[in-house]
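Engineer: Compute the structure for the input listed below.
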Amino acid sequence: MIENIWEGIYDSFDQCPGHGQGYESDRWVRQETERIHSLLQAIKNDGAIPSVVSYRMNLLPLLAATTAVNSKKNKVTILDFGGGLGSTYISVTAACANSQIVDYHIVESKSICRAGKECFKGNTHIHFYDHLPEKIQDVDIVCLCSSIQYIKDWQGLLKGVAEYDPQYVLLADVPAGDIPTYATVQNYYESKIPYWFFDVNEIIRMMSSIKFELLFRSSCACTYLGKEQPMPQANFPAEYRVGNSCNLLFNRAQE
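Structural biologist: Numbers count the residues shown, from 1 in each chain. Below you'll find the predicted structure:
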């Protein structure tokens, strides 16, 4: 077991001593594939969201269902940046009374996209891209779950997804709090991955600058090192510790 999940305090990703394949590795693709098959089997057995799906992944299904009900098109189109092999898609379709209302688009690495297309072969409601697609019609929700912290130009990413003109932007499991924004390195087996910890108010100001208002904020309880606990940062000075990560839901501002 690793001693520390995160190490170091840096001003930028360029200063972080990152190396290795990280979430592009065969290990990660294999783990994600096994997880997806387990979720699909659980859904097949009882038709409900499996208990192994965390609270952070239950937010999107509720938002999707309520958005679809209030939509004139009776459908919800979701863009999920960093959506893995589709675990949240499974949660959404399991939770919605009519899974056919969901049109789901995932942006991921090339290796994850290849595996995802294989896992969901023949399913016309889920789509995989290894980059932000140029055009998706009528996007209702953009979701970034446990992903924005891995993006060097996270401000540019938020500006990019805002161009799809969604009604909502959901940032789930964001390592943000009343701290200064800084970069660090996440230890993942043989890899060291650059990673952001955020001043939450910097994110809120950024979203406001692109015309999205904070609608909902909650604490996100997650599991680290085998147990549910705040983000383990005892190796960091107190003023750099986040505690629990958070969920932030933004609504497109009225003109």
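
Engineer: which residue ranges form the helices in this structure?
Structural biologist: Counting by DSSP state H, the segments of the chain that form helices are 26-46, 59-69, 87-95, 110-119, 154-162, 200-209.

Engineer: center of the protein - which residue?
Structural biologist: By Cα atoms, centre = their mean, the mean C-alpha position of the chain lies nearest to C145, the distance being 1.4 Å.

Engineer: Tell me the bridge partners for T184.
Structural biologist: Applying DSSP bridges to T184 gives these bridge partners: Y195.

Engineer: Counting neighbours, what do you get for it?
Structural biologist: Other residues near T184 come to 24 when the count uses other Cβ atoms under 10 Å. C-betas here are computed from N, CA, C, even on glycine.

Engineer: which residues of the chain score low on pLDDT?
Structural biologist: Counting by pLDDT under 70, the chain contains low-confidence ranges at 1, 21-22, 25, 43, 45-57.

Engineer: follow-up on the earlier one: for the nearest residue to the residue nearest to the centre of the chain once chain neighbours are set aside, list the residues it contacts.
Structural biologist: What sits nearest to C145 in space, not counting adjacent residues and going by Cβ to Cβ, 6 or more residues apart in numbering, is A172, at 4.0 Å. The contact partners of A172, taken as Cβ atoms under 8 Å, 6 or more residues apart in numbering, are R56, M57, L59, L60, C143, L144, C145, S146, C220, N247.

Engineer: One more: F120?
Structural biologist: With contacts defined as Cβ under 8 Å, 6+ apart, F120 is in contact with G86, I126.

Engineer: distance of it from S218?
Structural biologist: Spatial separation of F120 from S218 under the definition Cβ to Cβ, to the nearest Å is 30 Å.

Engineer: All set now, cheers.
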